[in-house]
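J.: pasted the sequence and its predicted model underneath.
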Amino acid sequence: MRRALGIAAGLALVVTALSPASSADAGCLSARKCEREALIAFDLTVRGASRAAPGREVTYVLDYSTTWTPSFAPYWGYYWVGGSFPKGARGPSQAVLFDTAGKRLATFPCGRHADGVWCETRGRIPNQGRIVLSARLAAKGHGKARATLGFDSFDGLNEQDYARRHTRAQARAKFCNYRFSRTVTTKVAS
């Protein structure tokens, strides 16, 4: 029995030591439940138009790749993509997923939530890819329009939890929640 406990403790230390360092813009949103690094981390870049006229549509491109903490167990992650769009902008109704070769793979429906506009990925996404989101700027906007976009990741799920399709509020209350995001600024001038 002591040997089994020793092996389990040793494996836990190895997994903790091998877990990836989080990026500067990544953070755990449920600190009381997540006293560890994310099991699945996102490395991403976000691009948008550097200049746009008021009332025009701006397209944001998120190139991402995932890193999984080394483990013997399978991971079940639940992801939402989106974030906070410029003030007064009309956020997207959908997000489009492309693979690294540019082939369109899926479309995800988006909805407004208390912390921004988020699109549920509804299943596994490839380890690398591109997601495209568009938003229409405010008609009377001017100055700098900032968007903070990325992924909300919920991990610590098992296969049964993954299949249940929890809402964002249910997932945040039950699982570890990590956010990986970047900010992009567009100068709005007529």
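T.: In hand now; what should we look at?
J.: may I ask which helix or strand encompasses the most centrally placed residue in the chain?
T.: The geometric centre of the chain, computed from its C-alpha atoms, lies nearest to Phe151 (C-alpha atoms, centre = their mean), at 0.8 Å. Taking DSSP states H and E as the criterion, the element that holds Phe151 is strand 143-155.
J.: show me what contacts Pro86?
T.: For Pro86, the contacting residues are 58, 135, 137-138, 141, 145-147, 186, 188, taking C-beta atoms under 8 Å, 6 or more residues apart in numbering as the criterion. The way it works is simple: take the backbone N, C-alpha and C, and place the C-beta from them, glycine included.
J.: doesn't it belong to a strand?
T.: No: assignment of Pro86 by DSSP: H, G, I helix; E, B strand; the rest coil gives coil, placing it outside any strand.
J.: so where's the protein uncertain?
T.: The model of the chain has pLDDT under 70 over residues 1-33, 71-76, 123, 156-165.
J.: tally of neighbours for the closest residue to Ser93 other than its chain neighbours?
T.: Ranked by C-beta to C-beta, 6 or more residues apart in numbering and with sequence neighbours excluded, the top spatial neighbour of Ser93 is Cys110, at 5.7 Å. Neighbour count for Cys110, taken as other C-beta atoms under 10 Å: 20.
J.: ok, Cys110 touching Arg122?
T.: No: with contact defined as C-beta atoms under 8 Å, Cys110 does not count as touching Arg122 (11.7 Å).
J.: need the three-state assignment for Ala173.
T.: The three-state label given to Ala173 by three-state DSSP is helix.
J.: sorry, back to before: which of the contacts of Pro86 sits closest to Ala171?
T.: Within the set of those, Ala147 lies nearest Ala171; the separation is 23.1 Å, counting by C-beta to C-beta.
J.: that closest one contacts Leu137, correct?
T.: No: shown here, Ala147 and Leu137 do not form a contact pair, counting by C-beta under 8 Å, at 10.1 Å.
J.: thinking again about what came up before, the contacts of Pro86 into JSON lines, with extra columns for distance to Cys176 and neighbour count?
T.: Output for the contacts of Pro86, formatted as JSON lines (distance: C-beta to C-beta, whole Å; neighbours: other C-beta atoms under 10 Å):
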{"residue": "Val58", "distance to Cys176": "32", "neighbour count": "21"}
{"residue": "Ala135", "distance to Cys176": "29", "neighbour count": "21"}
{"residue": "Leu137", "distance to Cys176": "34", "neighbour count": "24"}
{"residue": "Ala138", "distance to Cys176": "35", "neighbour count": "15"}
{"residue": "Gly141", "distance to Cys176": "36", "neighbour count": "21"}
{"residue": "Ala145", "distance to Cys176": "32", "neighbour count": "24"}
{"residue": "Arg146", "distance to Cys176": "27", "neighbour count": "14"}
{"residue": "Ala147", "distance to Cys176": "25", "neighbour count": "26"}
{"residue": "Thr186", "distance to Cys176": "33", "neighbour count": "23"}
{"residue": "Val188", "distance to Cys176": "37", "neighbour count": "23"}
